[in-house]
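J.: Build the 3D model from these lines:
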Amino acid sequence: MSEVCAQPVKGLRPNVLVIEVFKRICLSLGFDKHPVQIEALLHSETSIVTWVGLHAFKDAINKGVWGVETLGLIDQVTPASAHRTILCWLINEANYDESDVKHHLIAKLTQSLERPLSDQELQDILQPVRGRIGRLHHFTPWILESLLLPMLEQKTVDTAQVSREWFSELTSQWRGSLKDNNSLYFKLEADGAFTDELATLTRYLAPEDQKAIVAELWKIFNALARTIRQPFSAQVSWQSHIRAHEVNLWLYALARRIDALVDVDATPSLAELLLESAEIIDRLPDTYRDYATSTELLTYMKGDPDQLKSHSLGHTITRLLLAASKK
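T.: Residues are numbered from 1 along each chain as shown. Model prediction:
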């Protein structure tokens with residue numbers, strides 16, 4: 001089978017035969033996670049055959065059919081360069097299935113990291129653990145606390161790297177909304193918690209990194225402010241107008257939280273940004289707010305930023321960084 005699929009299958013009859021073989025394999029694996037069969041699939045050097053084996057392996061470990069002692073089978077998959085991606089994908093699937101094996105998979109991943117990761121290597125790890133719509137902020141946030149904090153403790157990543165990824169995730173979403181007039185669909189438990197994580201991370205950044213975040217916030221604010229402040233903005237394009245207001249509400253919420261946690265010495269300052277952003281918010285009539293923007297976003301924007309000072313995440317990061325500094 002591996003030899004047949006190692007090259008493009010040509011002709012109707014060979015195609016039908018290959019499809020039927022895969023149907024039988026998948027049907028068999030659906031009823032019985034036979035170790036010998038799955039191991040044979042994992043040992044294949046043909047990617048599609050290995051992929052079928054990995055799906056069967058994932059189901060077996062997530063449902064508890066196979067124990068954690070079988071995780072070593074991942075190391076037998078070729079090429080070896082794919083092991084990290086496979087582990088990250090399995091971690092994401094285990095999280096989705098709420099499987100207990102997730103913690104063992106994370107431990108296996110962190111133990112395999114022997115040196116500090118580059119920004120690109122961190123991005124490669126984060127890519128397979130994105131949610132079903134491609135975002136890092138899942139409905140129930142878990143990536144930072146479950147996956148990345150152990151890496152912070154063993155110094156394979158640092159807070160600057162993580163904050164860059166978190167900030168890039170938010171700004172990409174904001175810019176996409178301003179460009180394509182897409183709604184942000186803000187959810188308090190997902191987007192709000194993700195934003196709180198970013199704000200908390202800024203406490204542990206070098207002053208230059210903090211200034212860079214403020215400077216980028218100013219760039220996005222200036223872009224949205226141009227849209228809102230142009231004459232007859234709402235009449236010219238209601239969608240562009242209201243999307244700009246949505247981004248401003250979210251940006252204002254983040255800026256307030258950063259300001260509550262960190263004294264950033266930037267020019268123009270974070271305080272000036274908050275004043276101008278608040279002035280933009282005042283332009284949005286109360287009668288429009290309830291139906292034109294997310295009520296959860298409005299709730300988050302009005303929330304008390306000082307609550308983050310006592311958030312357990314901040315205490316955890318402080319403890320881990322202190323432990324890492326003693327190693």
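
J.: From here on, just use CA atoms for contacts and neighbour counts.
T.: Fine.

J.: got the contact list for whichever strand or helix holds residue 210?
T.: Under the criterion of DSSP states H and E, residue 210 resides in helix 207-229. Residues from elsewhere that reach helix 207-229 (C-alpha atoms under 8 Å, 6 or more residues apart in numbering): 160, 167, 171, 175, 178, 202, 233-234, 240-241, 244-245, 247-248, 251, 264-266, 268-270, 273, 277, 280.

J.: I'd like the distance between residue 114 and residue 137.
T.: Here residue 114 is placed at a distance of 27 Å from residue 137 (C-alpha to C-alpha, to the nearest Å).

J.: More neighbours: which of those two?
T.: Relative neighbour count places residue 137 above the other of residue 114 and residue 137, with 24 against 10, counting by other C-alpha atoms under 10 Å.

J.: Contacts for the helix or strand that residue 197 is a member of next, please.
T.: In the assignment (DSSP H and E), residue 197 maps to helix 193-201. For helix 193-201, the external contacting residues (C-alpha under 8 Å, 6+ apart) are 137, 141, 144, 159, 163, 166-167, 254, 257-258, 261, 308, 313-314.

J.: Return the entry from those with the maximum number of neighbours.
T.: Of the contacts of helix 193-201, with other C-alpha under 10 Å as the count, residue 258 tops at 26 neighbours.

J.: Check which residues of the strand or helix carrying residue 164 are buried.
T.: Applying DSSP H and E as the criterion places residue 164 in helix 159-180. Across helix 159-180, burial judged by 16 or more other C-alpha atoms under 10 Å covers 159-167, 170-171, 173-175, 177-178.

J.: and what of stretch 302-314?
T.: Using 16+ other C-alpha under 10 Å as the test for burial, stretch 302-314 gives 305, 308, 313-314.

J.: Please apply the same query to stretch 106-120.
T.: By 16+ other C-alpha under 10 Å, the buried positions in stretch 106-120 come out as 106, 109-110, 117.

J.: how about it as PDB, C-alpha atoms only?
T.: The C-alpha atoms that make up stretch 106-120 are tabulated as PDB, following Å, rounded to 0.1, in the frame of the first residue of the first chain:
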ATOM      1  CA  ILE A 106       2.600  18.400  26.800                       C
ATOM      2  CA  ALA A 107       5.200  16.900  29.100                       C
ATOM      3  CA  LYS A 108       6.600  14.900  26.200                       C
ATOM      4  CA  LEU A 109       6.800  18.100  24.000                       C
ATOM      5  CA  THR A 110       8.500  20.200  26.700                       C
ATOM      6  CA  GLN A 111      11.000  17.500  27.400                       C
ATOM      7  CA  SER A 112      11.900  17.300  23.800                       C
ATOM      8  CA  LEU A 113      12.900  21.000  23.700                       C
ATOM      9  CA  GLU A 114      16.600  21.200  24.500                       C
ATOM     10  CA  ARG A 115      17.300  24.800  23.700                       C
ATOM     11  CA  PRO A 116      15.500  28.200  23.500                       C
ATOM     12  CA  LEU A 117      13.100  28.400  20.500                       C
ATOM     13  CA  SER A 118      13.300  31.000  17.800                       C
ATOM     14  CA  ASP A 119      10.300  33.100  17.000                       C
ATOM     15  CA  GLN A 120       9.600  31.000  13.900                       C
END
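
J.: who touches stretch 143-153?
T.: Taking C-alpha under 8 Å, 6+ apart as the rule, stretch 143-153 contacts 103, 106, 110, 129, 136, 157-159, 197, 313, 317, 320-321, 323-324.

J.: so how far is the first residue of it from its last?
T.: The straight-line separation of the ends of stretch 143-153 (C-alpha to C-alpha) is 15 Å.

J.: Let me see the mean pLDDT of that stretch.
T.: Stretch 143-153 shows a mean pLDDT of 95.

J.: for the chain, which spans come out with low pLDDT?
T.: Confidence mapping of the chain against pLDDT under 70 gives the ranges 1-7, 9, 11-33, 291-292.

J.: ok, and the closest non-adjacent residue to the residue minimising distance to the centre of the chain?
T.: Closest residue to the average C-alpha location of the chain: residue 136 at 1.4 Å, with C-alpha atoms, centre = their mean. Take residue 136 and drop its neighbours on the chain: the residue closest to it by C-alpha to C-alpha, 6 or more residues apart in numbering is residue 130, 4.8 Å away.

J.: okay, now that neighbour: neighbour count?
T.: Neighbours around residue 130, by other C-alpha under 10 Å: 17.
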